[in-house]
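Peer 1: Got a sequence here, can you build the structure:
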Amino acid sequence: MKIVIVGGVAGGATAAARIRRLDEQAEITVFERSGYISYANCGLPYYIGGVIAEPEALTLQTPESFFSRFRINMKVHHEVTAIHPEEKMVSVKNLSTGETFDESYDKFLLSPGAKPVKPRLSGADLDAVFTLRTVEDTFRIKEYIRKEQPKSAVLAGGGFISLELAENLRELGMEVTIVQRPRQLMKPFDPDMAAFIHGTMRQHGIRLVLGHTVEGFQEKNGGIDILLKDEPPLHADMVVMAIGVTPDTHLAKEAGLDLGIKGSIVVNERMETSAPDIYAAGDAVQVKHYVSGQDTLISLAGPANRQGRIAADNICGGDSRYPGSQGSCVIKVFDMTAAATGLNETNAKAAGIAADKVILSPMSHAGYYPGGQLMTMKVVYEKETYRLLGAQIVGYEGVDKRIDVLATAIHAKLTAIQLKELDLAYAPPYSSAKDPVNMAGFMIDNIEKGILRQWFLEDLERLPADGSVTLLDVRTPEEYSLGHINGFQNIPVDELRQRLGEIEKEKPVYIICQSGLRSYLAARILTGEGYDTYNFSGGFRFYDAVTHEMSLVEAAAPCGMDL
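Peer 2: So this is what the prediction gives:
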């Protein structure tokens, strides 16, 4: 059997190695138009910043090592220019020599990945304007920094690559600005959770220019002017366009394969395209979202590798199925970690799902053991059914551990209430006897039983100001004096039973504390005395962080812009 693969990075390299393990006799050829195979895309910003010191560390395999181990022909600097499904043939160009030739196949896999979004902006081809997707891109940026010693950079876009590169450039001592049209970084996160990412970026000296549209670039005063719509230009020594990626699928389109969102390749669960014996995997394919069931694009290394393996199984006569992508992700933001899985609240509601949530601020491990750090968790579930939809966590120690537990729970189709039943490892340096994931389950169980009723940040402006409700802050007087929401009276929770006479029983009581725990205790006290109570989800710490950041974004956004 003769197999031809386009693309030698995540999906393509994985598929090639899997095919060899399943079929020692197969003839396998991989065409890769760049000069590198099986390289670590996610490590590129860290090489620019010097965290990864040696360029060889970026390439997990070379064409020579791949052939030595797997007897697979890795043809770098070779571009497939056309697919001929009826003839089971591809046209290939050797980019080093200019030679063109045809190559036949029995089975064919498309894994071309995605390419950086490059809007048709004036000046995008200037020497100091870069994109970052390949090893060659990385070397160009690294060399430019070495030779020109730039003091400032503007990054257009607010996704994974932009944030990772911003951190690494900042660590090199550069002034870094991120500019983009949406008003938040990192779209896998809801705006309230993204506020914590914003805050950390600002604390480390990253300037955020959100809600602004880049319209072009001009050379000026030895640097680059970044032209903004309806605003004065920014100026920097270099620019990296990290607006996002789009499926690289011109070959599939020209071959007549069925296409989906943004021209992505439509595949079934077996990673088969609409043409016989042609498979596709990786960032170029349209997938089903595991939670919503809707068609989507998810450009992440984990799904690409799994899809390559599944395609390989089926090429070799198996029957492997891809269940869909969940979008589990994690990112280092200086000393903070942010992670997400499944659907966020915004996307759940956009998908027509009646979503609810809990927000909590647990410690990373037992409070009595030194070194514990707060994390903020948001767990999203479906009302009525309590189906677990997604989660987001920002914090420091232990964030990745908890998001992986929640990702597993979603994949296993556990309900949000069943989180309380998970038997998770505990020792004081690592967790609490009630792990943060268990705590989310306990809270949701209380909601289902009617023990806990919540109110949220978005409810604040809707609370009547006519005195028909009681607004109660149960923190200490010292905490209250350092900051509080106007209109909230302060009665510490430990004094509440003695001061019930100050609270009118006929009025609903909306309660807040620092993290949500003391206000929950206050709610139980008052409920036991016949009051109608609601607990603020997330606490004043959450309120303060989110409203502060949103005020900065709102103040910086141009008036009247359609975002």
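
Peer 1: residues contacting residue 541?
Peer 2: By Cβ atoms under 8 Å, 6 or more residues apart in numbering, the residues touching residue 541 are 361, 374, 514-515. Bear in mind the C-beta positions are built from the backbone N, C-alpha and C, glycine included.

Peer 1: Now tell me what touches the helix or strand residue 164 falls within from outside.
Peer 2: Using DSSP states H and E, residue 164 sits in helix 160-171. Here helix 160-171 makes contact (Cβ under 8 Å, 6+ apart) with 42, 44-46, 48-51, 132, 153, 155-156, 176, 178, 180, 185-186, 197, 201, 204-206, 240, 242, 329, 331-334.

Peer 1: Mind putting the contacts of residue 541 into CSV with secondary structure?
Peer 2: Formatted as CSV, those follow (DSSP: H, G, I helix; E, B strand; the rest coil):
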residue, secondary structure
361, coil
374, strand
514, coil
515, coil
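
Peer 1: Now compare those residues and name the two farthest from each other.
Peer 2: Farthest-apart pair in the contacts of residue 541 is 374 and 514; separation 10.3 Å (Cβ to Cβ).

Peer 1: Looking only at neighbour counts, state which of the two leads.
Peer 2: Counted by other Cβ atoms under 10 Å, residue 374 and residue 514 do not tie: residue 514 has more neighbours, with 20 against 14.

Peer 1: That one reaches residue 475, doesn't it?
Peer 2: Yes - taking contacts as Cβ atoms under 8 Å, residue 514 lies within contact range of residue 475: 5.5 Å.

Peer 1: Common neighbours of these two, please.
Peer 2: Jointly contacting residue 514 and residue 475 under the rule Cβ under 8 Å, 6+ apart are residue 540.

Peer 1: how about the strands of the stretch 301-450 of the chain, start to end?
Peer 2: 329-333, 336-342, 355-360, 376-382, 388-395 (DSSP state E, counting those that start in this stretch).

Peer 1: Ok, the stretch 151-300 of the chain next?
Peer 2: Applying DSSP E, counting those that start in this stretch to the stretch 151-300 of the chain gives strands spanning 152-156, 175-180, 207-210, 214-220, 223-228, 231-236, 238-241, 245-247, 265-266, 278-280, 285-288, 295-296.

Peer 1: hey, least reliable of those strands by pLDDT?
Peer 2: If the strands of the stretch 151-300 of the chain are sorted by mean pLDDT, strand 245-247 sits at the bottom with a mean of 89.

Peer 1: Parallel or antiparallel, which strands does it pair with?
Peer 2: If you go by DSSP bridges, strand 245-247 pairs up with strand 114-116 (antiparallel).

Peer 1: Give the buried residues for the biggest helix by length in the chain.
Peer 2: As assigned by DSSP state H, the longest helix anywhere in the chain is helix 539-556. Neighbour-count burial for helix 539-556 flags 539-543, 545-546, 549-550, 552-553 (criterion: 16 or more other Cβ atoms under 10 Å).

Peer 1: And for stretch 104-114?
Peer 2: Of all the residues in stretch 104-114, those buried under the rule 16+ other Cβ under 10 Å are 105, 107-114.

Peer 1: Any regions of this structure where pLDDT drops low?
Peer 2: Applying pLDDT under 70 to the chain flags the ranges 557-563.

Peer 1: contacting residues around the residue nearest the centre of it?
Peer 2: When Cα atoms, centre = their mean is applied to the chain, the residue found nearest the centroid is residue 188 (4.4 Å). Neighbouring residues of residue 188 by Cβ under 8 Å, 6+ apart: 327, 329, 340, 344, 392.

Peer 1: same question, residue 194
Peer 2: Counted by Cβ under 8 Å, 6+ apart, residue 194 has contacts 184-186.

Peer 1: Quickly note the distance from it to residue 65.
Peer 2: Plainly put, residue 194 is 41 Å away from residue 65 if you go by Cβ to Cβ, to the nearest Å.

Peer 1: ok, now residue 236?
Peer 2: Applying Cβ to Cβ to residue 236 and residue 65 gives a distance of 39 Å.

Peer 1: quick one: which of the two has more around it?
Peer 2: Between residue 236 and residue 65, counted using other Cβ under 10 Å, the more crowded position is residue 236 (24 against 14).

Peer 1: The more buried one touches residue 221, doesn't it?
Peer 2: No - the pair residue 236 and residue 221 fails to qualify as a contact (Cβ under 8 Å) at a distance of 10.8 Å.

Peer 1: Of the contacts of residue 194 - the most surrounded one?
Peer 2: Going by other Cβ under 10 Å, residue 185 tops the contacts of residue 194 with 27 neighbours.

Peer 1: Quick check: closest non-adjacent residue to that one.
Peer 2: Leaving aside its chain neighbours, residue 185 sits nearest to residue 158 (3.8 Å; criterion: Cβ to Cβ, 6 or more residues apart in numbering).

Peer 1: What is the burial count for that neighbour?
Peer 2: The tally of other residues near residue 158 (other Cβ under 10 Å) stands at 28.

Peer 1: how far away is it from residue 206?
Peer 2: 11 Å.

Peer 1: Now for these two: what residues contact both?
Peer 2: Counting by Cβ under 8 Å, 6+ apart, the residues touching both residue 158 and residue 206 are residue 178.

Peer 1: got a list of what the residue lying farthest from the centre of the chain touches?
Peer 2: Distance from the C-alpha centroid of the chain, by Cα atoms, centre = their mean, peaks at residue 501 (48.8 Å). Under the criterion of Cβ under 8 Å, 6+ apart, the contact list for residue 501 is empty.

Peer 1: three-state assignment of it?
Peer 2: Per three-state DSSP, residue 501 ends up helix.

Peer 1: Could you shift the numbering so residue one becomes 52, and keep it that way?
Peer 2: With 52 as the first residue, the last one maps to residue 552.

Peer 1: Against residue 528, how distant is it?
Peer 2: Look at residue 552 and residue 528: by Cβ to Cβ, they are 19 Å apart.

Peer 1: what does residue 478 give?
Peer 2: 37 Å.
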